[in-house]
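S.K.: Output the structure for:
(2 chains)
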Amino acid sequence: MINIKNLHKSFGDLDVLRGIDLEVKQGKVIVLIGPSGSGKTTFLRCLNLLEVPTDGTIEIDQTIMDFSKPVKKKSITSFRSLTGMVFQSYNLFPHKTALENVMEGPIIVKNIAKHEAKEKATALLTKVGLGEKVDFYPFQLSGGQQQRVGIARALAMEPKVMLFDEPTSALDPELVGDVLQVMKDLAKEEGMTMIVVTHEMRFAREVADEVIFMDEGKIMERGTPDQIFTNPKEARTRKFLNMIQ
Amino acid sequence: MARTLKFQINGLVKMFLLSNIFNDPERMNQLVSIAQTSLYPMIEGAIKITIPLTLITFVLGLILAVLTALARLSSIKIFQIIARVYVSIIRGTPLLVQLFIIFYGLPNLGVTISPFISAIIGFSLSVGAYASEIIRAAILSTPKGQWEAGYSIGMTYTQALKRIILPQAARVSIPPLSNTFISLLKDTSLASLILVAELFRKAQEIAAKNYEFLLLYIEAAALYWILCTILSFIQGSIEDRLNRYVAK
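M.R.: Residues are numbered from 1 along each chain as shown, chains lettered A, B, ... in the order given. Model (predicted):
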């Protein structure tokens, strides 16, 4: 499903990703952990091409992008449509209602008829528990509700892979549960392939098929949640887990 | 210095008392009738020229302003340079001089443009330059995450700009753009100097015949003030509309 080889990203002299290789099978949930500055967010943004990698290849659903050569804008846009992105700060469109936020992509990008898009968007919002809030503007919603609109907005584009960039770290503690529940349902019921940057260890234990520990732009250790959390091999993984638990 | 000023003020008060119009019913009636008969051509000038000139110019100027702002923000160097030079020249030279160059100067090159069209060109260029800075700032004030959210659902640059960024930038730029609009309405009086028969030129023409300068110019000022006040009300209702999605 996903096959990443020798992925590099640098900003000027700063090497943020220093050769990442990763294979993810259809329907698997990967949780990425690591200290701040370890490159996990950059890695996620590279998969969505919000950052264009400086070297390496990414293959998603049989489409391959090779970053050793310059890439065209058009192929960036079409490659991006394979993945859906959920942001830490939600980034909902403030001038549109919840429903309009979700309908926007299908109507503008996919040219789907308005009534059809509306039907689908309503169904998606109902699925994330916001059927009553379709006509609310983002400022009228709590952080947790906004983030669920964000998830529905990404799902509306029918991506093959969902990417979550610390989806709950901007939320008040009592609002985290609803968002994680939506993500769990997505993984278990829909079998969505997901890559999640998060420090929610309970979520990782319950949902993740694999946990990856990143540091200094590289994958330092990977394994099942049980292996990583109870019996990490690397000293640095241990140190990091001690710090956050 | 203070003494001269005091002397002048005394003089003005005396002149006013001596003119004594309030005790002279005949003079009073004469002034009222001049005010009434001159009102019609001045309002005609406002409706036929001042208002259309302002509206057409503002729309053209805004289009030019958005293009200039995008050129300034573009990654292509030559676009940036063209936009910078344009803004610099327009902001750095007087509007009246620009109008004179277009209307009185260009005929020397064999290019003759009618007064009204000259005014449209001159004022549009001016609005375009000033408003481009407002729009550039408004676009920059939209969080980067909004662009990224647009891109992440598959939008192109143009789609994200049109659907996501500009609507939000519009809200931020309404108050400063209203300022530009009101200034423009008043600046159209400069067109009287390139023979455009707008509100103020009508006042000048009538005053040249009957020598009632004070009365006619105050009348013109009052009309401009009424137009600007109406515009301020419109600005208020547009702001309310665009603020409906913002927490109060």
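S.K.: OK, contacts around the closest residue to B:I206 other than its chain neighbours?
M.R.: Counting by C-beta to C-beta, 6 or more residues apart in numbering or on different chains, B:I206 lies nearest to B:S38, which is 4.8 Å off, once chain neighbours are set aside. For glycine as for every other residue, the C-beta is placed from the backbone atoms N, C-alpha and C. Shown in contact with B:S38 (C-beta atoms under 8 Å, 6 or more residues apart in numbering or on different chains): B:202-203, B:206, B:216, B:219.
S.K.: Closest to A:G27 out of those residues?
M.R.: If you rank those by distance to A:G27 using C-beta to C-beta, B:K202 comes first, at 77.7 Å.
S.K.: Show residues contacting the helix or strand harbouring the closest one.
M.R.: Assigned by DSSP states H and E, B:K202 falls within helix B:199-210. Contacts to helix B:199-210, defined as C-beta under 8 Å, 6+ apart, come from residues B:34, B:38, B:41-42, B:44-46, B:49-50, B:188-189, B:191-192, B:195, B:212-213, B:216-217, B:219-220, B:223-224.
S.K.: mind redoing it with 7 Å?
M.R.: With C-beta atoms under 7 Å, 6 or more residues apart in numbering or on different chains as the test, helix B:199-210 has contacts from B:34, B:38, B:41-42, B:45-46, B:50, B:189, B:192, B:213, B:216-217, B:219-220, B:223.
S.K.: Check stretch A:68-81 too.
M.R.: Contacts for stretch A:68-81 (C-beta under 7 Å, 6+ apart): A:48-49, A:52, A:55, A:63, A:65, A:157, B:151, B:154, B:156.
S.K.: For it, what does the pLDDT average out to?
M.R.: The pLDDT scores in stretch A:68-81 average 91.
S.K.: before we move on, back to that, check the residue nearest to B:I206 and give its pLDDT.
M.R.: Model confidence at B:S38, given as pLDDT, is 89.
S.K.: how close does it get to B:K48?
M.R.: For B:S38, the distance to B:K48 equals 16 Å [C-beta to C-beta, to the nearest Å].
S.K.: How far does stretch A:98-118 sit from its chain's centre?
M.R.: Per C-alpha atoms, centre = their mean, to the nearest Å, the displacement of stretch A:98-118 from the mean C-alpha position of its chain is 21 Å.
S.K.: Quick check, central residue of chain A?
M.R.: With distances taken as C-alpha atoms, centre = their mean, the residue of chain A nearest its centroid is A:L163 (1.6 Å).
S.K.: Assumed B:V87 was part of a helix.
M.R.: Yes. Counting by DSSP: H, G, I helix; E, B strand; the rest coil, B:V87 is part of a helix.
S.K.: related to what we said a few turns ago, state the next helix or strand along the chain beyond the helix holding B:K202.
M.R.: helix B:213-242.
S.K.: Just list the residues touching the most centrally placed residue in chain B, thanks.
M.R.: Closest to where the C-alpha atoms of chain B average out (C-alpha atoms, centre = their mean) is B:L184, at 0.3 Å. By C-beta under 7 Å, 6+ apart, the residues touching B:L184 are B:54, B:57-58, B:123, B:127.
S.K.: Show the subsequent helix or strand relative to the helix ranked longest in chain A.
M.R.: For chain A, the helix reaching the highest residue count under DSSP state H is reported as helix A:173-188. For helix A:173-188, the following helix or strand on the C-terminal side (DSSP H and E) is strand A:193-197.
S.K.: That following strand - contacts with which helices or strands?
M.R.: Counting contacts by 3 or more C-beta pairs under 7 Å, 6 or more residues apart in numbering or on different chains; DSSP states H and E, strand A:193-197 packs against strand A:29-33, helix A:40-47, strand A:161-165.
S.K.: could I get that strand in PDB with only the CA atoms?
M.R.: What follows is strand A:193-197, C-alpha atoms only, in PDB (Å, rounded to 0.1, in the frame of the first residue of the first chain):
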ATOM      1  CA  THR A 193      -4.900   2.800   6.500                       C
ATOM      2  CA  MET A 194      -3.700   5.400   8.900                       C
ATOM      3  CA  ILE A 195      -0.500   7.100  10.000                       C
ATOM      4  CA  VAL A 196      -0.900   8.900  13.300                       C
ATOM      5  CA  VAL A 197       1.500  11.200  15.100                       C
END
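S.K.: just to revisit the earlier point, what is the nearest of the contacts of B:L184 to chain A?
M.R.: Among these, B:F58 lies closest to chain A (C-beta to the nearest C-beta), at 22.9 Å.
S.K.: so who does the closest one touch?
M.R.: B:F58 sits next to B:127, B:181, B:184 when contact means C-beta under 7 Å, 6+ apart.
S.K.: Show me which residues of chain A are close to chain B?
M.R.: Chain A has residues A:48, A:50, A:77, A:80-81, A:85, A:87, A:89, A:91, A:93-95, A:104-105, A:108-109, A:137, A:139, A:153, A:157 near chain B, with proximity defined as C-beta under 7 Å from any C-beta of the partner chain.
S.K.: what's the spacing between the longest helix of chain A and its chain's center?
M.R.: Relative to the chain's own centre, helix A:173-188 is displaced by 14 Å; criterion: C-alpha atoms, centre = their mean.
S.K.: Could you pull up the mean pLDDT of that helix?
M.R.: Helix A:173-188 shows a mean pLDDT of 92.
S.K.: Same question for stretch A:102-118.
M.R.: Averaging pLDDT along stretch A:102-118 gives 95.
S.K.: contacts for it?
M.R.: With contacts defined as C-beta under 7 Å, 6+ apart, stretch A:102-118 is touched by A:93, A:96, A:99, A:120-121, A:124-125, A:149, A:152-153, A:156-157, B:153-155, B:159, B:163.
S.K.: before we move on, what about stretch B:61-76?
M.R.: In this structure, residues lying in contact with stretch B:61-76 by C-beta under 7 Å, 6+ apart are B:79-80, B:82-84, B:86-87, B:123-124, B:127-128, B:131-132, B:135-136, B:139.
S.K.: Filter those residues down to the ones in helices?
M.R.: Per DSSP H, helices hold the following members of the contacts of stretch B:61-76: B:79-80, B:82-84, B:86-87, B:123-124, B:127-128, B:131-132, B:135-136, B:139.
S.K.: List only buried entries from those.
M.R.: Among those, those buried by neighbour count (16 or more other C-beta atoms under 10 Å in any protein chain shown) are B:79, B:83, B:86-87, B:123-124, B:127-128, B:131-132, B:135-136, B:139.
S.K.: For A:L32, state which of these is nearest.
M.R.: Distances from A:L32 to these, taken as C-beta to C-beta, are shortest for B:I139 (33.1 Å).
S.K.: What residues does that closest one make contact with?
M.R.: B:I139 makes contact with B:69, B:73, B:165, B:169, according to C-beta under 7 Å, 6+ apart.
S.K.: Just the buried ones among those residues, please.
M.R.: Buried subset of the contacts of B:I139 (neighbour count, 16+ other C-beta under 10 Å): B:69, B:165, B:169.
S.K.: Out of these, the closest to B:S237 would be?
M.R.: Nearest to B:S237 among the buried ones among the contacts of B:I139 is B:A169, at 19.5 Å by C-beta to C-beta.
S.K.: wait, is the closest one part of a strand?
M.R.: No. Counting by three-state DSSP, B:A169 is not found in a strand; it is helix.
S.K.: What helices and strands are in contact with the longest helix of chain A?
M.R.: Helices and strands touching helix A:173-188, by 3+ C-beta pairs under 7 Å, 6+ apart, are helix A:143-155, helix A:201-207.
S.K.: Next up, the contacts around the closest residue to A:D215 other than its chain neighbours.
M.R.: Nearest residue to A:D215, sequence neighbours excluded (C-beta to C-beta, 6+ apart): A:S38, at 4.7 Å. For A:S38, the contact set (C-beta under 7 Å, 6+ apart) comprises A:214-216.
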